[in-house]
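Chemist: Make a model of this:
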Amino acid sequence: MSELSNHRQAVELLQQLGLKEYEAKCFVALSRMPKGTAKEISETSDVPRTRVYDAIRVLETKGLAEVQHSNPQQFRAVPIDEAAETLRHEYESRTETLVRTLEDIDPAPSDEGQETAHEVWALSGVSAITNRTRQLIDGAGREIVFVVGHEAVITEELIQQLREAQETGLTVVVGAASERLRETIQTSLPDVEVFVSGLEWLNSDPTDPADATTISRLLLIDRNTILVSSVSTHETDGGSTETERAVFGRGFDNGIVVIARRLMATGLNPNADPK
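Modeler: Have a look, this model is predicted:
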C-alpha cells in the first residue's frame, strides 16, 4: 500500500472512530513528527493554520495530543499504542452508553399476537453475520449443527465457542466441505463429531463462470433456528473482493428451517435423523 493510501486510510479510520476531518488529519500529521508548531502541522496536514488550533484543542481534550506552552507553542501526538487504547476505551464507552440508552427506550406499540414463526430476515457483512452466529450459539439449549463451507469461517473465537458449548453438555456436530477442512476442525475440536458434508452444492461450480457464490455457513440451533450465509466474489479494478450475505429464520414450522434441517441432516451424516 502506498504512503498516500496509508495516509488516507488512517484519516478515514480516525473519522470512523469519532474524530472530525481536521482533527484526524492533524493527528496523522503529528504522528509523523516528534513535535510540531501549528505552521508545521498545517503544512503537513493541509489543514488551514487557523483551524489547527481548534483541532489540536480537541485532540488534547481527548487525550490524543500534548501541548508545550512555549513560543511558538509546540504540539505532539501521544504514542500510537496509547492513542489506540484511548480510542478503544472511548469507542467501548460510547457503545455501552448506546446499549443502555436503547434499552431504556420504551418499545413502540405493536400488534399483539403477531405471528413470527414464518419470518425470514436478511443480514449482510462479515461482522454482522459473525456476531449473529455467536449470539445464536450462545443461546443454544440442546443442539448445535454447523456446516462449514468456507474456510475463513473457522476462527479461533468460533472454535473456542464450540468447544465451550460441547463442554457444557450441548450436542455439537460440525460438517466440513472437504476432508482437509474436516481434519483442521477435528484437530481443534477433538471431542466434537466432525463429518465431511455431502452437500456438494455448498461450493461454487468452477466450470460455470457465472457461479461465483459459495455457501459459507449453515447453522442450525436446537432444530428450530437457522442461519445460512453465502460468499460472492466480485472482480474490481483493485482485484477481487468477497461479500457475505445471510438469511436467518426461526420457528419449528418455518418452511426454510424445515428444509434446511432435513438437507443438513442428510448431507452431514448419512445416518442422521432428518425429521
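Chemist: Please enumerate the strands of the chain.
Modeler: Taking DSSP state E to define them, one finds strands in the chain at 65-68, 74-77, 120-124, 143-148, 171-176, 193-196, 213-221, 225-236, 239-250.
Chemist: Dig out what residue 233 forms beta bridges with.
Modeler: Bridge pairing for residue 233 (DSSP bridges) gives the partners residue 242.
Chemist: distance of it from residue 242?
Modeler: Going from residue 233 to residue 242 by C-beta to C-beta, to the nearest Å gives 5 Å. The C-beta positions use only the backbone N, C-alpha and C, and glycine is treated the same way.
Chemist: Which phi and psi values does residue 69 adopt?
Modeler: phi -80, psi 70 (degrees, to the nearest 10).
Chemist: That one - how many residues pack around it?
Modeler: Using other C-beta atoms under 10 Å, residue 69 has 6 neighbouring residues.
Chemist: Could you do residue 39 as well?
Modeler: Residue 39, neighbours per other C-beta under 10 Å, totals 11.
Chemist: What pLDDT is listed against it?
Modeler: Residue 39 is assigned 95 on the pLDDT scale.
Chemist: try residue 196
Modeler: pLDDT, residue 196: 81.
Chemist: so what's it closest to, chain neighbours aside?
Modeler: residue 182 (4.9 Å; C-beta to C-beta, 6 or more residues apart in numbering).
Chemist: hang on, the one you found packs against residue 195?
Modeler: Yes: contact criterion C-beta atoms under 8 Å: residue 182 and residue 195 qualify, at 6.9 Å.
Chemist: shared neighbours, those two?
Modeler: Listed as contacting both residue 182 and residue 195 by C-beta atoms under 8 Å, 6 or more residues apart in numbering are residue 176.
Chemist: Stretch 172-181 spans what distance, first to last residue?
Modeler: 17 Å (C-alpha to C-alpha, to the nearest Å).
Chemist: now swap in stretch 45-52 and tell me
Modeler: OK, stretch 45-52 end separation, C-alpha to C-alpha: 9 Å.
Chemist: quick one on the thing from earlier: now tabulate the strands of the chain in CSV and tack on mean neighbour count.
Modeler: Compiled in CSV, the strands of the chain are given as follows (neighbours: other C-beta atoms under 10 Å):
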stretch, mean neighbour count
strand 65-68, 16
strand 74-77, 20
strand 120-124, 13
strand 143-148, 24
strand 171-176, 22
strand 193-196, 18
strand 213-221, 23
strand 225-236, 17
strand 239-250, 16
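Chemist: Could you dump the ones you listed into JSON lines and include distance to residue 130?
Modeler: Listed next are the strands of the chain as JSON lines, based on distance: least, C-beta to C-beta, whole Å:
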{"stretch": "strand 65-68", "distance to residue 130": "34"}
{"stretch": "strand 74-77", "distance to residue 130": "32"}
{"stretch": "strand 120-124", "distance to residue 130": "10"}
{"stretch": "strand 143-148", "distance to residue 130": "13"}
{"stretch": "strand 171-176", "distance to residue 130": "16"}
{"stretch": "strand 193-196", "distance to residue 130": "20"}
{"stretch": "strand 213-221", "distance to residue 130": "9"}
{"stretch": "strand 225-236", "distance to residue 130": "9"}
{"stretch": "strand 239-250", "distance to residue 130": "9"}
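Chemist: so which of those strands gets nearest residue 159?
Modeler: Residue 159 lies closest to strand 171-176 among these, at 10.0 Å (C-beta to C-beta).
Chemist: ok, the closest one: who's next to it in the sheet?
Modeler: Per DSSP bridges, strand 171-176 is paired in its sheet with strand 143-148 (parallel), strand 193-196 (parallel).
Chemist: With distance to residue 155 added, can I get the ones you listed in CSV?
Modeler: Shown next, in CSV, are the strands paired with strand 171-176 (distance: least, C-beta to C-beta, whole Å):
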stretch, distance to residue 155
strand 143-148, 11
strand 193-196, 16
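Chemist: List the contacts of residue 170.
Modeler: 140, 141, 142, 143, 144.
Chemist: For residue 109, see how far away the first one is.
Modeler: By that I understand residue 140. 32 Å.
Chemist: next one: the third one
Modeler: Relative to residue 109, residue 142 is positioned 34 Å away (C-beta to C-beta).
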